[in-house]
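Chemist: Fold the following, please.
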Amino acid sequence: MPNPAPPSRPVQVAASRARGPGMAEERRGSWFGFGFCGFGQAPGSGRGRQVLSPEPLQTPGSGADVRRVSASWSYTALVTRGGQVRLSGAARGAAGGCRDAWASEALLVVLRAGPGRGAGPELQAWAPASAMRGEPLWARALGPEAEAEGAARGEPPAGALPLLPLLPGARAYVSPRPPFCRALAPELRARRLELGAEHALLLDEAGQVFSWGQGRHGQLGHGSLEAEPEPRLLEALQGLPVAEVAAGGWHSVCVSETGDIYIWGWNESGQLALPSRSLAEDTKTIPREASGLNEDGSEVRRTAKGEDGAPAPFIAIQPFPALLDLPLGADVVKASCGSRHTAVVTDQTNQKVIGGENSSYHNEFF
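Modeler: Reported below is the predicted structural model:
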């Protein structure tokens, strides 16, 4: 059973993945956050380790008009509309000329404007503790053709919308582990890519979902616990146009164009909004358990005693996408995952957090 390693935006929901902060954008430049902030990272001030409900984001520096947040476990990267990246928490520092940033405990990846007129953007990876001073660990010029290709496909200009870890042109993506830049097959016309602790999700231009990586917790959604070395179409969702995908540590979420939410993978902390052992243990001691499988392949375990004396079922692993019904028939607009929790924004302008632990771990895909 993996341990969550180091690590949430409405309208934008960003979940950091390991007891990191959740972030919420109310309107342009107005951000709120909550969660673990023991390193003084946004939204914390260093006076406490937890922010239990959304509070205005405390940004480093003054007059920052923040348009994007990327949260890791021990630090937070904020991208301003003026093109600055500012760090708070265990990593501190600032740099200009930036279009996007992607924070993980291993690397801080920054997409910067090219060095000269007409030059394409440059991808840089920094050690978080470097404060973006000196030379990056590695850098790669993407070339103007990457942006030209994206524009030809109707993509917004780089930096206009959340981009990383997907690179301009959608032909490659960033990984926090070598090789740091990984190519995608040309037939995968990616619209969005999300990385979990050990798996990846890709949403293509046709609204189809592909997954690959480790599958031992059912996070790939193919009905088994086997690994997939290459992107594989999620057949259970074929014919369903998907608008959003999100990858947790070991679970996955997608939102259809009609606002339905499907969820699958590991349910150890109730992150799938299905009955879980950890939630049962909050109220009673479980002396022993039995296990079995549902008809849909989900792993069901039964505690020795429920409230009525009968075995109480809980779902440990859901290897196929399961349709989740939200209260009051709300439609989902956005979704984001931490390692062991899920956050969604509904059309009723409410943010709902699903799952037990306020923990997360962004960008740690194998």
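
Chemist: May I see the buried residues of stretch 201-212?
Modeler: 201-204, 207-212 (16 or more other CB atoms under 10 Å). C-beta coordinates here come from the backbone N, C-alpha and C atoms, glycine included.

Chemist: May I have it exported as CSV, CA atoms only?
Modeler: These are the backbone C-alpha positions of stretch 201-212, laid out as CSV (Å, rounded to 0.1, in the frame of the first residue of the first chain):
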residue,chain,number,x,y,z
LEU,A,201,-4.8,10.7,-17.7
LEU,A,202,-5.1,12.3,-21.1
LEU,A,203,-8.2,14.0,-22.6
ASP,A,204,-8.1,14.3,-26.4
GLU,A,205,-9.8,16.8,-28.7
ALA,A,206,-12.7,14.4,-29.3
GLY,A,207,-13.5,14.1,-25.5
GLN,A,208,-12.0,10.6,-25.2
VAL,A,209,-10.0,9.6,-22.1
PHE,A,210,-6.7,7.6,-22.2
SER,A,211,-4.8,6.3,-19.2
TRP,A,212,-1.5,4.6,-18.6
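
Chemist: average model confidence for that stretch?
Modeler: Averaged across stretch 201-212, the pLDDT comes to 96.

Chemist: Give me the contact list for that stretch.
Modeler: By CB atoms under 8 Å, 6 or more residues apart in numbering, the residues outside stretch 201-212 that reach it are 153, 184, 188-194, 199-200, 219-222, 228-234, 237-238, 240-247, 252, 254, 257.

Chemist: in the stretch 151-300 of the chain, which spans are strands?
Modeler: In the stretch 151-300 of the chain, the segments counted as strands under DSSP state E, counting those that start in this stretch are 172-174, 181-183, 190-195, 199-204, 209-213, 228-233, 242-247, 251-256, 261-266, 289-293, 299-303.

Chemist: Including distance to residue 50, could the ones you listed go into a markdown table?
Modeler: A markdown table is the format used below for the strands of the stretch 151-300 of the chain (distance: least, CB to CB, whole Å):
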| stretch | distance to residue 50 |
| --- | --- |
| strand 172-174 | 30 |
| strand 181-183 | 36 |
| strand 190-195 | 26 |
| strand 199-204 | 29 |
| strand 209-213 | 31 |
| strand 228-233 | 37 |
| strand 242-247 | 23 |
| strand 251-256 | 23 |
| strand 261-266 | 24 |
| strand 289-293 | 31 |
| strand 299-303 | 30 |
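
Chemist: In terms of mean pLDDT, which of those strands ranks lowest?
Modeler: Here the lowest mean pLDDT among these goes to strand 289-293, at a mean of 48.

Chemist: Which secondary structure elements does the longest strand seen in the chain sit against?
Modeler: Determined from DSSP state E, the single longest strand within the chain is strand 312-324. Counting contacts by 3 or more CB pairs under 8 Å, 6 or more residues apart in numbering; DSSP states H and E, strand 312-324 is packed against strand 261-266, helix 277-281, strand 299-303.

Chemist: Go again with 10 Å.
Modeler: strand 251-256, strand 261-266, helix 277-281, strand 289-293, strand 299-303 (3 or more CB pairs under 10 Å, 6 or more residues apart in numbering; DSSP states H and E).

Chemist: so what strands line up beside that strand?
Modeler: Paired neighbours of strand 312-324 in the sheet (DSSP bridges): strand 261-266 (antiparallel), strand 299-303 (antiparallel).

Chemist: angle of it against strand 251-256?
Modeler: 40 degrees (axes from the mean of the first three to the mean of the last three CA atoms, to 10 degrees).

Chemist: all helices for the stretch 101-250 of the chain, in order.
Modeler: Applying DSSP state H, counting those that start in this stretch to the stretch 101-250 of the chain gives helices spanning 144-152.

Chemist: Low-confidence regions, it specifically.
Modeler: Scanning the stretch 101-250 of the chain for pLDDT under 70 picks out the ranges 115-119, 143-162.

Chemist: close enough to count as contact, residue 332 and residue 242?
Modeler: No. Contact status for residue 332 versus residue 242: not in contact, 11.5 Å apart, counting by CB atoms under 10 Å.
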